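> Return a 3D structure for these sequence lines:
(one chain, ligands or ions: 2)
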Amino acid sequence: MKDASPQTTYLSDYTPFGWQVADVHLTVKLAPKATRVVSRIHFQPNPNAPAQDFFLHGEELKLIRAAIDGTEVNPELTPQGLRCDVPSGPFLWETEVEIAPAENTALEGLYMSNGMYCTQCEAEGFRKITYYPDRPDVMATFTVRIEGDTPVKLSNGNPTDSGEGWAEWHDPWPKPAYLFALVAGDLVNHPGAFTTMSGKEVELNIWVRPGDEGKCAFGMEALKASMTWDEEVYGREYDLDIFNIVAVDDFNMGAMENKGLNIFNSSCVLASPETSTDANFERIEAIIAHEYFHNWTGNRITCRDWFQLCLKEGLTVYRDSQFTSDMRSAEVKRISDVIDLRARQFPEDQGPLSHPVRPESFQEINNFYTATVYEKGAEVIGMLKRLVGDEAYGKALDLYFERHDGDAATIEDWLRVFEDSTGRDLSQFKRWYSQSGTPHLSISEDYADGTFTLTFKQETPPTPGQSDKAPQVLPIAVGLLNPNGDEVVPTTVLEMTDAEQSFSFEGLSAKPVASILRGFSAPVVLDRETLAEEKRFLLAHDTDAFNRWEASRDLARGCLFDMVTEGAGPDMAWIDALEQVIRDGDLDPAFRALMLALPTQSELAQMLHAKGVTPDPDAIHAAAETLRNAMAERWSSLLPELMAATRVTEGYSPDAKQSGKRALGNAVLSLQTRLDGGKAAQAQFDAADNMTMQLSALSCLISAGAEDAALAAFERQWKDDRLVMDKWFALQVAATKPESAAPRAEALTKRPDFDWKNPNRFRAVMGSLAMNHAGFHAKDGSGYRLLAEWLIKLDGKNPQTAARMCSVFQTWTRYDAGRQALMKAELERIAAKPDLSRDVSEMVGRLLS
Ligand code: ARG
Ligand code: ZN
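Ligands and ions are numbered 1, 2, ... in the order given. Take a look at the predicted model:
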C-alpha cells in the first residue's frame, strides 16, 4: 500500500523508543513467493523513554499471527506498521509474517537477485522483513535460523550450527536492525584468513556465483590490507570469528556494511585485469576498505537516528580516503577527491537540493545518502584534523572509541569528544554540520616594508530554508614563495573565524607569491583575481601538488571562460606552461595525467552561472573541443614520445605505479586521436590484453566517430559478462558527440539485454546520458524527455534508484529560459505520475520548490 500523504520526520522530534530489546530470534523459511519469517523478541520497558503506544514498523508484510507471552493478540495494522496493547513489564513478542522476495523489485528488504536471496536493510528495509522497531537506536543481539534448500545460508555474526536444509547464526554484538543481513543461494567462496593483532584467527570469504571465482583475489587482498591498516592506524581490531563478503548483481548502491556479512554490488568487488579497469581496481579497494572500516565507525558505534548519518559516513569516507592515500599516492588521491567533490557535492550544495551535512528533516531518508552527507561530511573531518593537529586527532579518536563503543551516538557526542580531549570550543565549528551551502572565500593582498598581508572575506549564499549564514571556521593552508621560486614560508594553517579577517607575514625581503588553500584545506569556492602570470608561476614552482594542479586548472577554466564569452582563442601560454609539467619525467605519471584533463563541462557551466553568464552547453562543448585540438596540435611531436615513455612492459598489475603510467598514456592517446583520427587507438584496441587499455582505446574511437568495428568486436568478446557489458552500454552514450547521445541511449534501451530493472544497467545508459553534458542538454529537450520517461517507468519498480537519479536535474535553474522550461515540464510530468513513490515525490518536490 502507498503512503497517501508523505510524512516529514524532524530531527527536533527525536524521542527514544519506549522499550529495549534484549534479544531477537528469527526463523526465516525461504521460498521465492512465500517466505515465512517467525520472530521471537524479548522487550522490556525503557526507563529513559516517555510513555508511548507500542508501535512496530512493518511494510508490505502479511501478518499470519502475533502473540504476547504465548497468547495470541490482534494488533491494529496500518500501512506503516502495527500498534498493540502490551503488558507493563517485560514480555515475549512473537509474530509470523509472509513476504515474497521474488516480487521485490525495489531491492530493499529481502529480495532475489539471479536466484539468490539477499537483503538490504539500511536505512529502513528491515521493516519489510518483519515487524520491528526499525530505528538505529534500538540495538539487540540476533540469532537467526535459515531454512531452505540453497546450499549456502549466511547471516551476521558467527555460525553456530547447521544441518540438512538449515543453518543457524548468532551475532553477539548488539546491533540495530539496519545491519541485519541474510544471504542464501548457490554460491562459491574464495577463502582467506587473517590473524588479528591480538592473535585471533579470522576466517575470511568472498562469496560469488559459480563462474566468478576468478575475480575475487584482488578483493581478498584489499580486505586483508584494510584489516591491517585499521589496526595500525586506528588501533581497531576485528571482533568476530568470520568475515564474509557477498557479491550481488542487483543492488541499489555500492555496498553495505552489515555486521560480519558485507554485501556488495558485484561491480564493487569482482575484479580481473581482463574485465576491470585500473580505476575499477582502485574503487574496489576503497569500497572494501570503507565497508570494513564501518565495523568500528558505524557498527560498534552507530547512529542515534538517521539525521546523524554523517557520523558514520563522513568519518568512514574520511578513513577510506586516508587508506587510499597510504596505499597509493596521497597527492593524487587528494586531487581526485576534490574533482569528485566539485562534480557531485558543489552542484548539490549550490542548487535546490542543498542540505546541511546533518539534515534537519526528511520524507525519505534514502534520499539523503548524498555527496553532502558523505563527501562534505568527510571534508568536515579533514578540517577538524587540520585544526587540532594529527596527534590530537589520534587522541580524540581513541577517546571516541573508548567512550562510545556500543552506543548509538550523535554529532554532539562526536564534537564533545574533541572538545574534552583538546580543550577547544567547537561551537562555531559545529556550523559545518548545520549550515548548508558552499562558502565563497575572496582574498586581497597587500605588501609594504617586508610585511605581506592577506585579507580574507567569507560569504555563503542563501540556500533553501537558510537565508542568513553565519561565518564558519575555515582552516586556510597557505605557503609563500619568493619571486625566484623558493619557498619562504612553508605551509601554515590560518584559522579564519570572522566574516573578514587579515593575517600578516613579516620580515620578507620581496613581495611573495601566495599559494592559498593548499591541499584544498577547506571545501570552499575561492574567488581570487590572480594574474595569469602568477598562476603560471605557481604551476611551475608550487611545492604543494594540489595547488600546482589547481593553478593549471584555474588557467584552463579562465581560458575556456574567455573562449565561451568573448570568442577568444586557446591560451597558448597556458598550454606551453603545462607542457613543462607534462614533460617532467620526475613527476608521477598519475599526477601528470590529472594535469592533462580539462575541467568538466558541467563545472564550466557552474562557473559561468556563478559569474552571471547563462551557460550554453553547445558553446561550452565547442570551446572544450577547440582547446583539446589546440593542445594536440601544439604537442604533435611530443605525444608519440610520451606514449612510448608510458609503455608498461611487465605483467599487468593494478598498482599505483603501473596504473599511473597507463592513465598518462591514455590521456595522451585521447589527444593523439585528434590528430590521427583513431589510428593509434585502433592499434591499442587490437593489441590490448587488459580492460584499461581496451576501454580507453574504445573511448577514443567513439569520440573520433570511428567505433563501429571496435564496438562490435567488444560486444562479441564480452556479451556474456554483465559487468563488462555495462561499460559497453555506458561508454557509447558518455563518449559520443552531443547530438548522438540521446538517440543512442534510446536505441540501447530497445535492446533485449537492456535489463532496466538491474540498477547497474539502468545507470550505465541513463547515468551516462546525464554525464554527456551537451548531449543531455540538447536544445530540443530530447535528453530530458528520454530520462524523464525512464524515471517514470523505473519509479514503479525501484523508487530508490529512480529517486537518486532525479538529481541529474538539480542544476536546471542555471540554464537559459528555453531549457529551463523544458526541464521544468519534465519534472512536472514526473510529479504528475499517479502513485508516484514517496522517494521520487520528495526529490521532484524539492527540485521544483
Ligand atoms: N552504508 C552503506 C555505505 O555507505 C550505504 C547503504 C545505503 N543504502 C541505502 N539504501 N540507502 O557503506
Ligand atoms: Zn558507508
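> And for Arg528, the neighbour number?
Using other C-beta atoms under 10 Å, Arg528 is surrounded by 16 other residues. Using the backbone N, CA and C atoms, a C-beta is placed for each residue, glycine as well.
> Now do the contacts for it.
Ser442, Ile443, Ile516 (C-beta atoms under 8 Å, 6 or more residues apart in numbering).
> leaving aside the residues next to it on the chain, what's closest to the last one?
The shortest distance from Ile516 to any residue other than its chain neighbours is 5.4 Å, reached at Val478 (C-beta to C-beta, 6 or more residues apart in numbering).
> I'd like the distance between the one you found and ligand 1.
Separation of Val478 from ligand 1 (C-beta to the nearest ligand atom, to the nearest Å): 34 Å.
> Now find how far off-centre whichever helix or strand Ile620 is part of is within its chain.
Following DSSP states H and E, one finds Ile620 within helix 617-634. The chain centroid and the centroid of helix 617-634 are separated by 30 Å under C-alpha atoms, centre = their mean, to the nearest Å.
> In the stretch 1-150 of the chain, what residue comes closest to ligand 2?
For the stretch 1-150 of the chain and ligand 2, the shortest gap (C-beta to the ion) falls at Glu122, measuring 8.8 Å.
> any idea of the pLDDT on that residue?
For Glu122, the pLDDT comes out at 99.
> next one: Lys2
Listed pLDDT for Lys2 reads 42.
> Where does the stretch 51-200 of the chain get nearest to ligand 1, residue-wise?
Nearest to ligand 1, among the residues of the stretch 51-200 of the chain, is Glu122, at 4.5 Å (C-beta to the nearest ligand atom).
> no, scratch that, I was asking about the stretch 551-700 of the chain
For the stretch 551-700 of the chain, C-beta to the nearest ligand atom, closest residue to ligand 1: Pro654, 22.0 Å.
> What is the neighbour count of that residue?
22.
> In which helix or strand does the residue nearest to Ile516 reside?
strand 474-481.
> Show residues contacting that strand.
Outside strand 474-481, the residues that reach it (C-beta under 8 Å, 6+ apart) are 383, 386-387, 439, 441, 452, 454, 456, 458, 487-497, 503, 505, 508, 512-519, 521-522, 524, 537-538, 541-544.
> ok, which stretches of the stretch 51-200 of the chain are strands?
Taking DSSP state E, counting those that start in this stretch as the test, the strands found in the stretch 51-200 of the chain are 54-57, 62-68, 71-72, 76-78, 81-84, 91-99, 109-113, 116-120, 140-147, 152-155, 158-163, 166-175, 182-185, 188-195.
> Just the element for Asn205, please.
Counting by DSSP H and E, the element that carries Asn205 is strand 201-208.
> Which parts of that strand count as buried, going by neighbours?
Neighbour-count burial for strand 201-208, counted by 16 or more other C-beta atoms under 10 Å, picks out Val202, Glu203, Leu204, Asn205, Ile206, Trp207, Val208.
> Ok, stretch 588-604 next?
588-604.
> now, which of the residues you listed lie close to ligand 2?
Contacts with ligand 2 are made by none of the buried residues of stretch 588-604, judged by C-beta under 5 Å from the ion.
> helices or strands next to the helix or strand bottoming out on mean pLDDT in the chain in the packing?
None of the helices or strands of the chain scores lower by mean pLDDT, DSSP states H and E than strand 525-527, at a mean of 94. If you count contacts as 3 or more C-beta pairs under 8 Å, 6 or more residues apart in numbering; DSSP states H and E, strand 525-527 packs onto strand 440-448.
> residues from the stretch 251-400 of the chain in reach of ligand 1?
Within reach of ligand 1 by C-beta under 6 Å from any ligand atom, the stretch 251-400 of the chain has these residues: Asn252, Met253, Ala255, Met256, Glu257, His290, Glu291, Glu313, Asn366, Tyr369.
> if you set the cut-off to 8 Å instead, what comes out?
By the rule C-beta under 8 Å from any ligand atom, the part of the stretch 251-400 of the chain lying against ligand 1 is 252-257, 287, 290-291, 294, 298, 312-313, 316, 365-366, 369, 374.
> Any chance you could list what contacts the least confident helix or strand of the chain?
Applying C-beta under 8 Å, 6+ apart, the contact partners of strand 525-527 are Phe346, Thr438, Pro439, His440, Leu441, Ser442, Ile443, Ile516, Leu517, Ala610.
> Distance-wise, check the second one relative to Arg334.
Here Thr438 is placed at a distance of 18 Å from Arg334 (C-beta to C-beta, to the nearest Å).
> Asn205 now?
34 Å.
> ok, now Asp171?
Counting by C-beta to C-beta, the gap from Asp171 to Arg334 is 37 Å.
> same thing with Glu103?
Distance from Glu103 to Arg334, by C-beta to C-beta: 46 Å.
> same thing with Val21?
For Val21 relative to Arg334 (C-beta to C-beta), the value is 43 Å.
> Mind checking which of those two has more residues around it?
Val21 (22 against 19).
> hang on, the more buried one is in a strand, isn't it?
Yes. Under DSSP: H, G, I helix; E, B strand; the rest coil, Val21 falls within a strand.
> mind starting the numbering at 6 from now?
All set: I'll call the first residue 6, so the last point we hit is now Val26.
> Please look at it and Phe48 and confirm they touch.
Yes. Judged on C-beta atoms under 8 Å, Val26 makes contact with Phe48 at a distance of 6.1 Å.
> can you tell me the residue of the stretch 406-555 of the chain closest to ligand 1?
Proximity of the stretch 406-555 of the chain to ligand 1 (C-beta to the nearest ligand atom) peaks at Ala413, 15.1 Å away.
> Neighbours of that residue, how many?
Counted with other C-beta under 10 Å, Ala413 comes out at 21.
> Could you double-check that it sits in contact with Asn304?
No. Using C-beta under 8 Å, Ala413 is not in contact with Asn304; the gap is 11.0 Å.
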